[in-house]
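> need coordinates for the following:
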Amino acid sequence: MTVQSSSFRQVWEGMSLPPNPEATTIRPVSGTNAYLAKNYDGSMGLFLRDVIDALPKRTYKHLEITIHNKKQVSLPGRPPLILRNVLFLSADHEIKTPALSLILEGLYDQEPSGQFTAGDMITVLDEVEELLRRPKALPTKEEIAGAWGELYVLRLFLQNIKDPDLQRKVLFGWEGETREKLDFRFLYAMQAIEVKTTMSSERIHHLHGIEQVTIPSGFGYGALASLCVETDQGYTCEHLLTTIESVAIGTREEKDKFAELLAKRIIIRGIACQDNRFSFDLMRDGLRFFDFSQVPSPGDVDGVTPIEWLSDFSVSSSLTSAEMDELMFRIIHPRQV
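I've put the predicted structure just below:
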């Protein structure tokens with residue numbers, strides 16, 4: 001049985017334990033020299049076979065990476081196998097399948113041929129380790145409100161789409177690969193959206209740089225989504241994530257692809273979007289969109305960089321209903337524009 005990229009999580013979690021502590025259960029990943037792996041204690045990992053380049057010295061939290069001249073492995077229904085020149089990435093129980101999927105997807109990005117090397121693995125692990133770092137303190141209520149706003153807008157786009165491929169394109173546009181300055185960059189539609197959320201009825205937002213209200217090069221339009229929310233009522237970020245998962249459409253395989261991509265985006269966005277401590281709800285007329293040109297900003301200041309400021313949107317004109325419909329149409333019906 002080989003594994004397609006859309007079902008990493010399900011296969012890892014469904015793999016049986018190997019027959020003894022020295023063996024490892026594996027599943028080949030189609031078209032690559034990689035294998036999904038499960039250890040005797042239930043922890044998971046990745047194998048790369050036929051690795052001939054040297055392994056640089058690295059240590060990672062919750063991950064161990066080793067080279068074996070030969071390694072005994074187990075495939076259901078077959079006698080034990082011996083693989084040679086194996087790179088073995090073993091994760092402890094703190095590492096879950098979304099993080100391992102992120103590593104495997106990173107390997108594909110590094111080497112599209114699927115013939116991964118030790119150098120490819122180290123490059124990806126260095127990048128993923130940076131993404132997986134978490135502050136010791138829990139996110140603040142303000143930070144969680146910001147994540148809630150992004151999830152609310154994401155769901156707004158996704159729930160109106162009837163094409164599973166387009167749903168994944170929208171999801172792919174959230175946060176980029178390493179948390180972009182802009183929250184949404186829909187390359188297929190040439191639209192950029194920044195999301196700001198306040199827990200006040202006064203529509204005042206903190207801008208973290210002129211890039212947050214600048215149309216990216218090659219894009220045709222940019223807007224800021226402004227949300228005013230009430231606290232201690234409504235629903236949590238965790239609940240919003242559950243509803244986002246439920247709007248995925250298509251075949252089982254297409255829904256699996258959506259779930260894998262969502263898991264990757266959650267890792268990139270951080271733990272604030274998984275919070276279940278605080279709940280929020282939109283105030284009446286709480287969501288408005290503003291053309292970037294309508295965002296109060298200090299403009300270019302020679303010799304001053306970077307710059308942050310508070311922007312009072314009470315003096316700005318938001319998009320009309322017709323303009324809002326046009327923006328939504330460009331995002332959720334790009335082929336008809």
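
> use CA for all of it now, contacts and neighbours both
OK.

> which strand in this structure runs the most residues?
Secondary structure of the chain read by DSSP state E shows that its longest strand is strand 221-236.

> list of residues touching that one?
148-149, 190-203, 213-215, 275-283, 286-292, 295 (CA atoms under 8 Å, 6 or more residues apart in numbering).

> of those, buried ones?
148-149, 190-199, 203, 213-215, 275, 278-282, 286-292, 295 (16 or more other CA atoms under 10 Å).

> among these, which are in helices?
148, 149 (DSSP state H).

> how far away is residue 309 from residue 35?
49 Å (CA to CA, to the nearest Å).

> same question, residue 217
Counting by CA to CA - residue 217 and residue 35 are separated by 39 Å.

> spatially nearest residue to residue 312, not counting backbone neighbours?
residue 204 (4.4 Å; CA to CA, 6 or more residues apart in numbering).

> who's in contact with the helix or strand containing residue 109?
Assigned by DSSP states H and E, residue 109 belongs to helix 97-110. Here helix 97-110 makes contact (CA under 8 Å, 6+ apart) with 8-9, 12-13, 45, 114, 116, 120-121, 124-125, 128, 260, 263-264, 267.

> again, 7 Å this time
Contact with helix 97-110 is made by 8, 9, 114, 116, 120, 121, 124, 125, 128, 260, 263, 264, as judged by CA atoms under 7 Å, 6 or more residues apart in numbering.

> phi, psi for the residue lying closest to residue 249 once chain neighbours are set aside please.
Once flanking residues are discounted, residue 249 sits nearest to residue 164: 5.6 Å by CA to CA, 6+ apart. Here is the backbone geometry of residue 164 (degrees, to the nearest 10): phi -60, psi -30.

> what about the strands in the stretch 201-337 of the chain?
204-207, 221-236, 279-291, 309-312 (DSSP state E, counting those that start in this stretch).

> could you name the helices and strands sitting against the last one?
Think strand 309-312. For strand 309-312, the elements it packs on are strand 204-207, judged by 3 or more CA pairs under 7 Å, 6 or more residues apart in numbering; DSSP states H and E.

> can you tell me the strand partners of the strand it packs on and which way each runs?
Partners of strand 204-207 in the sheet, by DSSP bridges, are strand 309-312 (antiparallel).

> quick one: mean pLDDT for the longest strand of the chain?
Across strand 221-236, pLDDT averages out at 96.

> repeat that for stretch 267-277.
87.

> mind listing what's buried along it?
So, applying 16+ other CA under 10 Å, buried residues of stretch 267-277: 267, 268, 269, 270, 271, 272, 273, 274, 275.
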